[in-house]
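Novice: What would the 3D arrangement of this be:
(one chain, ligands or ions: 1)
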Amino acid sequence: MTTDTRTGPMTGEQMIAGAKAHTLFEWSAQSKVDPIPVARAKGIHFWTPEGKRFIDFNSQLMCVNIGHGDERVVRAIHEQASTLAYANPFMATEVRARLGARLAAVTPGDLDVFFFTNGGAEANENAIKLARFATGRHKILARYRSYHGATAGAISLTGDPRRWAAEPGLPGVVHVLDPYHGIQRGWDSADESLAMLEEVIQLEGPQTIAGFILEPVTGTNGVLVPPDGYLQGVRELCTKHGILMICDEVMSGFGRTGAWFAVDHWNVVPDIMTMAKGLTSAYVPLGAVGMRRAIAEHFRDRVFYGGLTYNSHPLGCAAALATLQVYEDDRLIDNAKRMGALMSDLMTDLALRHPSVGAVRSIGLFGLVELVRNRQTKEPLAPFNGSSEEMAALGRFFRQEGLYTFVRWNTFFTNPPLCIAEADLREAFGIIDRGLEITDRALA
Ligand SMILES: Cc1ncc(COP(=O)(O)O)c(C=O)c1O
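Specialist: The predicted structure is shown next:
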């Protein structure tokens, strides 16, 4: 059966029926998907075809950092498309040259050379390739509470349950525990976590380990801000054992945490850094792997065995250049820091007033609330990798009230575009405040 999609603008119902009839939705049993139909978006809002307005409190997939519909980026993409929509990656283009230099300026330390991809997963695929080629070693350490993408290698690096269906995965990936152990067990100190890491390095054989990949501030697995000293300690251990430190800044980069990159909060310079999402604010797909000069030097006289038809795609590069300019012109990273401080206060206030709030965490405009069924035992309101009626009801309430965000397990996210203003932030927290009355009832 086919659905006629040829005539006139569609209603929301037609969009949903058509998309469900002929396209596959990700990470879902298809009978369970219940998509929001989206017709247009501007700033921190998007609208259904029928005109229902949503506050985009997750920047879509934590990626539309500058906000929707920015004319400056749209114009740059349009101009690039009319001048040179595509050139193959063996060629040099002006946007590619300019973007490499701009990224070298904003990324930390001597991260100086960039390889462009279509998104975050491919950036991580190429990061582990670079690490293996540059060190001649094969193992990669990664953490359990992590997501690194859905391609074959990246899903093997991923520690969360999305990996399970892809196993057996890439040989040589070894997972280590994070400093965080879930809401009931809580946090290890930086020293405890580093001791565990060093023990794994010893047991695996440091001379076999090419790299350690980690999200400096973990994203979908809980907005986990590491204890002070942890990232510096990882840096030292990696240096000591000749292991390349690979920071996945796909979600935490480009202002999300109130700094250009999450590692900047701890003045750590990784050997390899991966990026996507906020690089173009998702106006056009683009990812990148940045590497320190010494790693790039390895490939001066040796072949880099990697490539993609859309490597350094001119539309992606043009979108990224314009997006970087918007961060600067509108001082969005400062705004993320300022609004982040307010968001942190608003979250603390929620925790004080709502018994179902078990923990709140944020850094900049990267935030998450963990809900519990019992404040003493901290039993989560939904199990690990599961859901519950209360969490589903909270999700329905947010949707009904026009607040879009991710509700996952016993958590929900607070990740608005970095251009958000105080009034909008307060409006969103007003909806959350009312929603938490539903989850508070679970404790009665
Ligand atoms: C930390 C992190 N790394 C990698 C990825 C994968 O990026 P992509 O979906 O662009 O392949 C994601 C996506 O959410 C991510 O959050």
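Novice: who's in contact with Ile77?
Specialist: Applying CB atoms under 8 Å, 6 or more residues apart in numbering to Ile77 gives the contacts 283-284, 315, 318-319, 322. (C-beta placed from N, C-alpha, C; glycine too.)
Novice: tell me the contacts of Arg75?
Specialist: Going by CB under 8 Å, 6+ apart, Arg75 touches Ala322.
Novice: that's a strand at it, yeah?
Specialist: No. Going by DSSP: H, G, I helix; E, B strand; the rest coil, the assignment for Arg75 is helix, not a strand.
Novice: Got the confidence number for it?
Specialist: On pLDDT, Arg75 comes in at 98.
Novice: Distance of it relative to Tyr310?
Specialist: Applying CB to CB, to the nearest Å, the value for Arg75 to Tyr310 is 22 Å.
Novice: swap in Ala423?
Specialist: From Ala423 to Tyr310 the distance is 40 Å (CB to CB).
Novice: Show me which of those two is the more surrounded one.
Specialist: Between Ala423 and Tyr310, Tyr310 has the larger neighbour count (other CB atoms under 10 Å), namely 17 against 8.
Novice: Quick check: the more buried one touching Gly316?
Specialist: Yes. If you go by CB atoms under 8 Å, Tyr310 and Gly316 touch, sitting 7.5 Å apart.
Novice: residue contacts, the closest residue to Ser387 other than its chain neighbours?
Specialist: Nearest non-adjacent residue to Ser387, counting by CB to CB, 6 or more residues apart in numbering: Trp409, 7.1 Å away. Going by CB under 8 Å, 6+ apart, Trp409 touches 380, 382-387, 391.
Novice: what's around Leu368, how many residues?
Specialist: Neighbours of Leu368 using other CB under 10 Å come to 25.
Novice: And for Gly278?
Specialist: 29.
Novice: likewise Gln232?
Specialist: Neighbours around Gln232, by other CB under 10 Å: 15.
Novice: Go ahead and list the helix or strand containing it.
Specialist: helix 230-241 (DSSP states H and E).
Novice: Put the alpha carbons of that helix into PDB.
Specialist: The C-alpha trace of helix 230-241 is given here as PDB (Å, rounded to 0.1, in the frame of the first residue of the first chain):
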ATOM      1  CA  TYR A 230      38.800  13.100  37.500                       C
ATOM      2  CA  LEU A 231      39.500  14.400  34.000                       C
ATOM      3  CA  GLN A 232      42.900  15.700  35.000                       C
ATOM      4  CA  GLY A 233      43.600  12.300  36.500                       C
ATOM      5  CA  VAL A 234      42.500  10.500  33.300                       C
ATOM      6  CA  ARG A 235      44.800  12.900  31.400                       C
ATOM      7  CA  GLU A 236      47.700  12.000  33.600                       C
ATOM      8  CA  LEU A 237      47.100   8.200  33.400                       C
ATOM      9  CA  CYS A 238      46.800   8.300  29.600                       C
ATOM     10  CA  THR A 239      50.000  10.300  29.300                       C
ATOM     11  CA  LYS A 240      51.800   8.000  31.700                       C
ATOM     12  CA  HIS A 241      50.800   4.900  29.800                       C
END
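Novice: Quick one: distance of that helix to the chain centre.
Specialist: Distance of helix 230-241 from its chain centroid, counting by CA atoms, centre = their mean, to the nearest Å, is 23 Å.
Novice: who does that helix touch, helix- and strand-wise?
Specialist: helix 190-204, strand 209-214, strand 244-248 (3 or more CB pairs under 8 Å, 6 or more residues apart in numbering; DSSP states H and E).
Novice: what do you get if the cut-off is 6 Å, keeping everything else the same?
Specialist: helix 190-204 (3 or more CB pairs under 6 Å, 6 or more residues apart in numbering; DSSP states H and E).
Novice: what are the pairing partners of whichever helix or strand Met273 is part of, and which direction each?
Specialist: If you go by DSSP H and E, Met273 is part of strand 272-275. Within its sheet, and counting by DSSP bridges, strand 272-275 is paired with strand 244-248 (parallel), strand 287-292 (antiparallel).
Novice: Please see if the first one touches the ligand.
Specialist: It refers to strand 244-248. Yes. Using CB under 6 Å from any ligand atom, strand 244-248 reaches the ligand at Asp248.
Novice: Quick one: mean pLDDT for that strand?
Specialist: Confidence for strand 244-248, expressed as mean pLDDT, is 99.
Novice: and that strand with helix 230-241, angle?
Specialist: Angle of strand 244-248 versus helix 230-241, following axes from the mean of the first three to the mean of the last three CA atoms, to 10 degrees, is 150 degrees.
Novice: Same check on the last one?
Specialist: Taking the same axes, to 10 degrees, one finds strand 287-292 and helix 230-241 inclined to each other by 60 degrees.
Novice: Next, the buried residues of strand 287-292.
Specialist: 287-292 (16 or more other CB atoms under 10 Å).
Novice: Repeat that for the first one.
Specialist: The neighbour-count criterion (16+ other CB under 10 Å) identifies 244-248 as the buried residues of strand 244-248.
Novice: what sits against the closest residue to the ligand within the stretch 51-200 of the chain?
Specialist: Closest to the ligand within the stretch 51-200 of the chain is Gly120: 2.3 Å, counting by CB to the nearest ligand atom. By CB atoms under 6 Å, 6 or more residues apart in numbering, the contact set of Gly120 is 149, 250, 276, 287.
Novice: make it 7 Å
Specialist: Counting by CB atoms under 7 Å, 6 or more residues apart in numbering, Gly120 touches 149, 250, 274, 276-277, 287.
Novice: Met347 now?
Specialist: 360, 362, 367, 369.
Novice: I'd like the next helix or strand past the lengthiest helix in the chain.
Specialist: In the chain, with assignment by DSSP state H, the single longest helix is helix 332-353. Per DSSP H and E, the first helix or strand lying C-terminal to helix 332-353 is strand 357-363.
Novice: now for that next one, which elements pack on it?
Specialist: Packing partners of strand 357-363 (3 or more CB pairs under 7 Å, 6 or more residues apart in numbering; DSSP states H and E): helix 332-353, strand 366-371.
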